[in-house]
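Trainee: Just to be clear, the model below is a prediction. Sequence and coordinates:
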Amino acid sequence: MDHLRPVPPGAAAPAAVPGSGLPIPAPDDLTSLLRRAARGDETAFGEFYDATVAQAHGLALRVVRNPSHAQEVTQEAYLEVWRHGARFDASRGSARGWLLTIVHRAAVDRVRSTESATRREHAWEQQSVEAQAPASGTDQTAEAVEDALERRRVRAAVAGLTPVQREAVALAYFGGYTHTEVATMLEVPLGTAKTRIRDGLIRLRDALGVLR
């Protein structure tokens, strides 16, 4: 996936993924690479890219479920990392977790954009039918409003999670990764990953229960 690189870095180590048998860079190593990249070090950015791109692209593909879209989302995420790496705050989570949160957000935005385009096309196709059946059109409009409100509730609930809970829940339930894989990606003990996921889900449940 070298063609995904948004900048031309120097030589880099092979990517590492859970279960691959390849060594995964230590959290301090990734943090150091990211901080150097934020200062414009392209070689450090290339090493950070190669150490994380397999997981980043895998998460994007699980969300968008389209290979070409996943490549574009991955590239967009790394461009954001390259441009805004100085925003990374190690006190709020790991460098890998920060990257995967960016990837997940970009992937969800792509899904929403694609779905919106599909709905617009469908609306044009159904325009004549709806004109002949206004009652049905009204029902469809009501359903669309209800769906929009539901999505707004979910987004508000997710926004209410702590950063570490949000990234863990995003990987486990939006990305489809196992608890062990989430722990590996976020570079935390398995028990810590499970706690973050559990606490995040409890907060989501409580928030959605209040908002409904």
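Mentor: Okay, I see it. Given the structure is predicted, the values throughout are model-derived calculations rather than measurements.
Trainee: count of residues packed around S68?
Mentor: By the criterion of other CB atoms under 10 Å, S68 has 8 neighbours. Any C-beta I mention is one placed from the backbone N, CA and C, and that applies to glycine too.
Trainee: Could you check how far it is from R36?
Mentor: Taking CB to CB, to the nearest Å as the measure, S68 falls 31 Å from R36.
Trainee: ok, now T74?
Mentor: Where R36 is concerned, T74 sits at a distance of 21 Å (CB to CB).
Trainee: who's more crowded, those two?
Mentor: T74 (26 against 17).
Trainee: what helix or strand is that one on?
Mentor: Per DSSP states H and E, T74 falls inside helix 67-84.
Trainee: what's the domain layout of the protein?
Mentor: The chain is divided into the following domains under automatic domain parsing: 1-127, 136-212.
Trainee: mean pLDDT for those: which is lowest?
Mentor: The weakest mean pLDDT among the domains of the chain belongs to domain 136-212, with a mean of 75.
Trainee: L171 touches M185, doesn't it?
Mentor: Yes: counting by CB atoms under 8 Å, M185 is a contact partner of L171 at 6.2 Å.
Trainee: intersection of neighbour lists for the two?
Mentor: Contact criterion CB atoms under 8 Å, 6 or more residues apart in numbering; residues shared by L171 and M185: L100, Y177.
Trainee: what's the distance between E167 and Q71?
Mentor: 22 Å.
Trainee: if you count what's nearby, which of these two comes out ahead?
Mentor: Per other CB under 10 Å, whichever of E167 and Q71 has more neighbours is E167, with 28 against 17.
Trainee: ok now do that one, which residues does it touch?
Mentor: Here E167 is in contact with G93, G97, W98, L100, T101, H104, L186 (criterion: CB under 8 Å, 6+ apart).
Trainee: if you set the cut-off to 6 Å instead, what comes out?
Mentor: Contacts here follow CB atoms under 6 Å, 6 or more residues apart in numbering; on that basis E167 touches G97, T101.
Trainee: Any buried residues in the helix or strand that contains it, and which?
Mentor: Applying DSSP H and E as the criterion places E167 in helix 163-169. Within helix 163-169, the residues scored as buried using 16 or more other CB atoms under 10 Å are V164, Q165, R166, E167, A168, V169.
Trainee: Distance to G46 added to the residues you listed, as CSV?
Mentor: Formatted as CSV, the buried residues of helix 163-169 follow (distance: CB to CB, whole Å):
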residue, distance to G46
V164, 28
Q165, 31
R166, 28
E167, 24
A168, 28
V169, 30
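Trainee: Now flag whichever of the residues you listed is closest to D50.
Mentor: Nearest to D50 among the buried residues of helix 163-169 is E167, at 21.3 Å by CB to CB.
Trainee: Isn't E47 up against L33?
Mentor: Yes: at 5.3 Å, E47 and L33 qualify as touching, with contact defined as CB atoms under 6 Å.
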